[in-house]
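**Q** have a look at this prediction, sequence included:
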Amino acid sequence: MPLYLDDDQTTLQDTIRDFVGENAPVSHLRSLRDVDDRTGFSRDLWKQFAEMGFTGILVGEDQGGLGLGHVEAGVVLEEIGRNLSPSPFLTTAVAAVEALKGTPHAERWYPGIVAGETVAALAIDETPKHRDRVALKAERAGNGFRLTGAKRFVTHAHVADLLIVAARTAGAAEDAEGITLFAVPTDAARLDKRAERLADSSIAAHLDFDGVEVDADAVIGEVDAGRDPLDRLLRAGRTGASAELLGVGGGAMAMTVGYLKERKQFGRLIGEYQALQHRAAHLYSEMEVARAAVLKAQQLLDAGSDKAEEAVSVAKAMTAMATTLSVNEGVQMHGGIGMTDEYDIGFYMKRARVLSELWGDANFHADRLARAAGY
């Protein structure tokens, strides 16, 4: 498979670049932060995404979507990252859609997602760092289940219409099997939500389940067989987060190169200094390697390849490292003003930090690859 976009994907890229650049630039993030918006994104913009067809990008045409793939979803996410646009696109239109695919829940929730009326939150993590463990318990109770435990850093959970919760129905917390996914109403009794603003100005919630009761219809897939939909969710989410990171890194790099071409010191443009040229060239090469890794992961996911799992971890690790380099270099090359609120480059650093942690940082995925290789 060639590691470049075809004509249709390039056309989509041009469309989404113009749309996001006009409707959700970095100034949009600033305005939401400055007024202390407690939603964390614009619902009007989410509806505009739907009107453009983007919210149904992974939903089949027979269900009202575009029936496209992860490459196309990544094109959208890269532009979201480039503009630091607050949006539930990653959690809802990508990860949640994949988790619900092929289940009765798809018929219930897809129409709202496609229409830009539904927002999904993914209650996966239970600790400050992402780990392959699920300890939240789901015990049989009458005709359904009782959920007890906690989930942490659940993006959009405070305003979501749907919570997808990974729970333990058998075995120990570290076991791969014995997991069940549940679609939990966000207004469920005995569910406590505490929203917090993160470093990048996005909002996530800590969830405490104090015996939350759901009926049997809440199960996504089958009881004790939630590993498959959970893995689908994580593969899609990690690949999507990689694409968004690519946009964050690319946006920071473009801003930095632009600054090198206009800032003067000692009567010369600072971009004329060879040391800075070398650093910029190194950054460009690292971002291109990361871009290839992301596109490869997207293509393998779309092809249903058994090599996709490995490629997804490579993409997440590569983009986390390359984008961290990009934002760090951006702040340094801007000098002391780089972290002031007057300049946008600091916002890119903050967004990169949060996205890098989402569903596993570079160290998590490097370790995962090493273990898979027998180390």
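**A** Here it is on my side, so go on.

**Q** contacts and neighbour counts: CA atoms only from here.
**A** Will do.

**Q** average pLDDT across stretch 250-259?
**A** Regarding stretch 250-259, the rounded mean pLDDT is 95.

**Q** and it, what's buried?
**A** Taking 16 or more other C-alpha atoms under 10 Å as the basis for neighbour counts, the residues of stretch 250-259 that come out buried are 250-253, 255-257, 259.

**Q** contacts for it?
**A** Around stretch 250-259, the neighbours that count as contacts under C-alpha atoms under 8 Å, 6 or more residues apart in numbering are 81-83, 271, 280, 283-284, 287, 323, 326-327, 330, 333-334, 345, 348.

**Q** domain map for the protein?
**A** With domains defined by automatic domain parsing, the chain comprises 7-119, 122-224, 228-372.

**Q** which residues sit in contact with Phe182?
**A** The neighbours of Phe182, taking C-alpha under 8 Å, 6+ apart as the test, are 163-167, 218-220.

**Q** same thing but 7 Å
**A** By C-alpha atoms under 7 Å, 6 or more residues apart in numbering, the contact list for Phe182 reads 164-166, 218-220.

**Q** a helix runs through it, doesn't it?
**A** No: according to DSSP: H, G, I helix; E, B strand; the rest coil, the state of Phe182 is strand, so it is not within a helix.

**Q** which non-adjacent residue is nearest it?
**A** Closest residue to Phe182 in three dimensions, ignoring its sequence neighbours and counting by C-alpha to C-alpha, 6 or more residues apart in numbering: Val219, at 4.6 Å.

**Q** wait, the one you found touches Thr169, no?
**A** No: with contact defined as C-alpha atoms under 7 Å, Val219 does not count as touching Thr169 (11.2 Å).

**Q** so Gly40 touches Ala205, yeah?
**A** No: Gly40 lies out of contact with Ala205 (C-alpha under 7 Å); the separation is 11.5 Å.

**Q** so, low pLDDT: which residues of the stretch 1-150 of the chain?
**A** Low-confidence segments of the stretch 1-150 of the chain, defined by pLDDT under 70, are absent.

**Q** swap the cut-off to 90 and go again
**A** Applying pLDDT under 90 to the predicted model, the residue ranges of the stretch 1-150 of the chain that meet it are 1-4, 128, 132.

**Q** show me where it has its helices.
**A** For the stretch 1-150 of the chain, the helices defined by DSSP state H, counting those that start in this stretch occupy 7-23, 26-34, 43-51, 70-83, 97-100, 104-114.

**Q** for this structure, longest helix please?
**A** Of all the segments assigned as helix in the chain under DSSP state H, the longest by residue count is helix 227-260.

**Q** quick one: that helix to chain centroid distance?
**A** Per C-alpha atoms, centre = their mean, to the nearest Å, the displacement of helix 227-260 from the mean C-alpha position of its chain is 7 Å.

**Q** got the angle for it vs helix 70-83?
**A** Here helix 227-260 runs at an angle of 40 degrees relative to helix 70-83 (axes from the mean of the first three to the mean of the last three C-alpha atoms, to 10 degrees).

**Q** for His305, grab the count of nearby residues.
**A** Quick fix: residue 305 reads Ser, not His. When neighbours are defined as other C-alpha atoms under 10 Å, Ser305 has 12 of them.

**Q** contact partners for it?
**A** If you count contacts by C-alpha under 7 Å, 6+ apart, Ser305 has none.

**Q** doesn't it fall inside a helix?
**A** No: the secondary structure assignment for Ser305 gives coil rather than a helix, going by three-state DSSP.

**Q** relative to Ala311, how far out is it?
**A** 10 Å (C-alpha to C-alpha, to the nearest Å).

**Q** over to Ser201?
**A** Counting by C-alpha to C-alpha, the gap from Ser201 to Ala311 is 30 Å.

**Q** compare neighbour counts for these two and give me the winner.
**A** Counting neighbours by other C-alpha under 10 Å for Ser201 and for Ala311 shows that Ala311 has the greater number, 24 against 21.

**Q** now the closest residue to Ala199 other than its chain neighbours: how far from Arg197?
**A** When the adjacent residues along the chain are set aside, Ala199 lies closest to Lys350, with 5.8 Å between them (C-alpha to C-alpha, 6+ apart). Between Lys350 and Arg197 the computed distance is 12 Å (C-alpha to C-alpha).

**Q** returning to what we had before: Phe89: which of the contacts of Phe182 is nearest?
**A** Taking C-alpha to C-alpha as the measure, Ile164 is the one of these closest to Phe89, at 15.2 Å.

**Q** let me see the contact set for the closest one.
**A** 121-123, 181-184.

**Q** that's a helix at Gln277, yeah?
**A** Yes: with the criterion set as three-state DSSP, the secondary structure at Gln277 is a helix.

**Q** who's Arg194 bridged to?
**A** Per DSSP bridges, residues listed as beta-bridge partners of Arg194: His206.

**Q** quick one: pLDDT of it?
**A** For Arg194, the model assigns a pLDDT of 96.

**Q** run a quick neighbour tally on it.
**A** Residue neighbour count, defined by other C-alpha under 10 Å, stands at 14 for Arg194.

**Q** for Glu357, see how far away it is.
**A** From Arg194 to Glu357 the distance is 20 Å (C-alpha to C-alpha).

**Q** Lys137 too?
**A** Lys137 sits 25 Å away from Glu357 when distances are taken as C-alpha to C-alpha.

**Q** could you do Val294 as well?
**A** 17 Å.
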